[in-house]
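Novice: kindly generate the corresponding structure for this input.
(one chain, ligands or ions: 1)
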Amino acid sequence: MKRIYFFLCLFLLVATLRLQAQRASDREAQADSILSLMTLEEKIGQLNMLTGNWEATGPVLNDRNKADKLKNGEIGSMLNVKGSIHTREMQTLALGSRLGIPLLFGQDVIHGYKTIFPIPLALAASFDAEVMALAARVSAREAAVSGIHWVFSPMLDVSRDPRWGRVMEGPGEDPYLASVMAASMTRSYQHPFEDGLKVMACAKHFAAYGGAIGGRDYNTADLSLQTLHNIYLPPFRAAARHGIATFMCSFNEINGVPASANPYLYELLYKDWNYQGFVVSDWGSIREMVVHGYSKDRKQAAEQSVHAGLTIDMESNCYAEYLPELVTEGKVAESIIDRAVRQVLLQKIDLKLFEDPFRYCNEDRENNELLSAANRSAARSVAARSIILLKNENALLPVKDTPRTVAVIGPLADSRRDMDGNWVMLSNDPIAVTLLEAVRSNYPHSRIVFEKGCDITGEDCSGFDQATAAAREADLVLLALGEAWDMSGEARSKGDISLPGVQQQLATEIYKANPRTITLLMGGRPMIFEEIAREAPAILYTWWLGTEAGNAIMDVVRGEVNPSARVPMSFPRHLGQIPVYYNHKNTGRPPQESPGNYSGRYIDISHKPRYPFGYGLSYTRFHYSDITVSTQAGNLRVTLKLENTGEEDGSELVQVYLQKLWGETTRPVRELKQFRQVYLARGEEQTFHLDIPYSDLAYYGNNGWMDGSGEYKIYLGRNANDMIYEQQLHIP
Ligand code: GLC
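Specialist: As a prediction, the model looks like this:
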């Protein structure tokens, strides 16, 4: 019997492998047969991407007649064309071309399509791959049923400089957290839906865009190969390992060579990583190689880019205008064009667009699925898991009783548009639930008083009196402060990341008027708010939480959800500290706080962040015990018992850091190498283990990649600056 079973399994395995091989060869054969029919102009058309005219996300060139270009097969993909109606319209034009090759539609679905989720930096703060995956899954579905084949997400740019506007869009400061986010979102975006629809994801911006000097967007990244490989590249490597369909290059140069045509990056991607997908330029970035001072002119920029391995030209027209003559002149072999076109055709085949170019265009399905109750519920749950509890004196939170009078104060308390943050492709009427609306729905029988108190910016304090009067009369005050939605995002870098306007002054007055004040800080970056950090009784950092913002905030305020998010990017105390991050080197003279010493301290400000990476509080308490560390074949194993010793159910983020003590290249004082959100009911305890593959300890040093063997300290930390356990050990 066993022999029959064995041979049956073997037969099935062989049949499956043969079927997979057959399918692979079918798609390759189909791509080759289409390619064989194409003229050079039609091939180059497939490498040309233009924006729709509905909502441009970059500087639109003079508007050319796209309809003619579509009918002539001069465009292979478009962005910023949304919805079944518009995508069907554009697709119909493209199908009218000689070969009728269907278009790809791409879209910046960065944190939701119609149902808006928390900004990606807030998703990173959840430190929970399942939370990240849920956001990606719902977003992918809403995009797919709206005619979108390709989401320009996840943005994987690690950054250590909160002045940079695009930190809101990224994974924070840590390469390991960023890699977990890359893997989770890639898989979740791209997994096919039951009806066969699926979307392509896009790892962007490749690479080191977050290393912009001074935190100024698009600025130079000038860094060592160690920093490139150990800090900026890991999440892109993770995305490639998890089969992400596309990459997008970044605007910046790296050490003198723009990423759009940086041979080092493409060698790494296609040769070292054996990447099988394709690369799209960022908006106009090929053209900008002339501005960088790298390309003599747009023709040379086209030649350099296509030779480097850049597949599709988004919105610079360099490929459309110059590749034909470059091939004719023999400067670019047609085989290079063919290889690029083939990559694009294979993706269109995989999306079954040749079988049915309109399979993503179904208005009824679109209208039924967008903003569904299930999607809003997912957004609310993800949002609550993205809120960080920074301070909670006298256990002011959670607010279990129903206050008779609630004062809702601040410029962000009733601002619908701000709740979505940047990088949302909204129609003109945002629909997010504001804090004020959620307070009213949570406390239907209480007296709710709203006072704006002041604007987000400006020096006008005339609203302070009314606001403090309202605070004085209330049983509970909710104070919503922060930046405006468009103070972070692309081209939104700030030289001063302090809370803008007179908001800190307003907060001081409110705290004097009523100590039962909960401060909600909203924004797209770590802001500086020293007075509030000192004076506020309780602080929740709520980022931009999207469609269900107000409801999620009230779920946390009332204790329906015990906050579990943690700091994904160090909060500076002072602008002068930037860049401040946890995985710094020890140096020969580490900074000491005590004055008069020869150490790497500032003489006028602290060198320590206001809130370190991994920091966050809970409504309950956790006790760690029985911690052991063992070296196994292939991995380290940390075993521990965790107990919820407080009064509330909740999650503890168990964080495992390593420090290599010495070696031929210095390494950071801490490197996060494992984490897990562990949910325990109050009084519950759990014993579990966390494994760290030795391969995760590899490091790019002075002589390239080194394995992880050597002398280490391993830590368990409540955050990067608060270790609760350490042990020295040798990694084989
Ligand atoms: C923008 C952004 C990029 C986006 C693209 C298309 O300039 O840099 O992230 O995907 O253009 O909108």
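Novice: next up, the contacts around the residue in the stretch 351-500 of the chain that the ligand sits nearest to.
Specialist: Nearest residue of the stretch 351-500 of the chain to the ligand, counting by C-beta to the nearest ligand atom: residue 490, 5.5 Å away. In this view, the C-beta of every residue, glycine as well, is placed from N, C-alpha and C. For residue 490, the contacting residues are 57, 165, 166, 169, 217, 422, 423, by C-beta atoms under 8 Å, 6 or more residues apart in numbering.
Novice: quick one: which of these is nearest the ligand?
Specialist: Distance to the ligand across the contacts of residue 490 (C-beta to the nearest ligand atom) is lowest for residue 57, with 3.2 Å.
Novice: re earlier: the residue of the stretch 351-500 of the chain closest to the ligand: what secondary structure?
Specialist: coil (DSSP: H, G, I helix; E, B strand; the rest coil).
Novice: next helix or strand past the helix or strand bottoming out on mean pLDDT in the chain?
Specialist: Least confident element among the helices and strands of the chain, by mean pLDDT, DSSP states H and E: helix 2-37 (a mean of 79). Proceeding N to C from helix 2-37, the next assigned helix or strand is helix 40-45, under DSSP states H and E.
Novice: let's see that next one as PDB, backbone CA atoms only.
Specialist: In PDB, the C-alpha atoms belonging to helix 40-45 read as follows (Å, rounded to 0.1, in the frame of the first residue of the first chain):
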ATOM      1  CA  LEU A  40      10.700  48.600 -34.000                       C
ATOM      2  CA  GLU A  41       8.300  51.600 -33.400                       C
ATOM      3  CA  GLU A  42       5.700  49.300 -31.900                       C
ATOM      4  CA  LYS A  43       8.300  47.700 -29.600                       C
ATOM      5  CA  ILE A  44       9.500  51.100 -28.400                       C
ATOM      6  CA  GLY A  45       5.800  52.000 -27.800                       C
END
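Novice: would you mark the buried spots in the next helix or strand after that helix?
Specialist: Later in the chain than helix 40-45, the nearest helix or strand by DSSP H and E is strand 48-51. Neighbour-count burial for strand 48-51 flags 48, 49, 50, 51 (criterion: 16 or more other C-beta atoms under 10 Å).
Novice: kindly report the same for stretch 436-451.
Specialist: Quick answer for stretch 436-451 (16+ other C-beta under 10 Å): 436, 437, 438, 439, 440, 442, 443, 446, 448, 449, 450, 451.
Novice: stretch 481-496 too?
Specialist: If you call a residue buried by 16+ other C-beta under 10 Å, then stretch 481-496 has these buried ones: 481, 482, 483, 484, 485, 487, 488, 489, 490, 492, 493, 494.
Novice: of all these, which comes closest to residue 335?
Specialist: For the buried residues of stretch 481-496, the residue nearest residue 335 by C-beta to C-beta is residue 490; the value is 35.9 Å.
Novice: let me know the pLDDT of the closest one.
Specialist: Looking at residue 490, its pLDDT is 98.
Novice: same question for the one 3 residues further on.
Specialist: On pLDDT, residue 493 comes in at 98.
Novice: go through the contacts of residue 490 and name the one nearest residue 151.
Specialist: So of the contacts of residue 490, ranked by how close each gets to residue 151 (C-beta to C-beta), first place is residue 423, at 11.6 Å.
Novice: residues near that closest one, how many?
Specialist: Residue 423 has 26 neighbours, counted by other C-beta atoms under 10 Å.
Novice: now swap in residue 616 and tell me
Specialist: Neighbour tally, residue 616, other C-beta under 10 Å: 21.
Novice: what secondary structure does the spatially closest residue to residue 494 that is not a sequence neighbour sit in?
Specialist: Once flanking residues are discounted, residue 494 sits nearest to residue 163: 5.7 Å by C-beta to C-beta, 6 or more residues apart in numbering. Of the three states, residue 163 takes coil according to three-state DSSP.
Novice: can you pull the contacts of residue 163?
Specialist: 214, 215, 216, 493, 494, 495, 497, 525, 578.
Novice: so which strand or helix has residue 441?
Specialist: Taking DSSP H and E as the definition, residue 441 sits inside helix 435-442.
Novice: for residue 289, same thing?
Specialist: Per DSSP H and E: helix 288-292 holds residue 289.
Novice: so what's the residue count around the closest residue to residue 660 other than its chain neighbours?
Specialist: Distances taken as C-beta to C-beta, 6+ apart place residue 667 nearest to residue 660, at 4.4 Å, with adjacent residues excluded. Counted with other C-beta under 10 Å, the neighbours of residue 667 add up to 23.
Novice: swap in residue 540?
Specialist: Using other C-beta under 10 Å, the number of residues around residue 540 comes to 25.
Novice: pretty sure it is in a strand, no?
Specialist: Yes: counting by three-state DSSP, residue 540 is found in a strand.
Novice: so it is in contact with residue 387, correct?
Specialist: Yes: between residue 540 and residue 387 there is a contact under C-beta atoms under 8 Å: 5.5 Å.
Novice: what is in contact with the two at once?
Specialist: Common neighbours of residue 540 and residue 387 (C-beta under 8 Å, 6+ apart) are 553, 556, 563.
Novice: tell me the secondary structure for the last one?
Specialist: Three-state call for residue 563 (three-state DSSP): coil.
Novice: and it, how far is that from residue 416?
Specialist: Distance, residue 563 to residue 416, by C-beta to C-beta, to the nearest Å: 24 Å.
Novice: repeat that for the first one.
Specialist: Residue 553 sits 14 Å away from residue 416 when distances are taken as C-beta to C-beta.
Novice: thanks a lot, catch you later.
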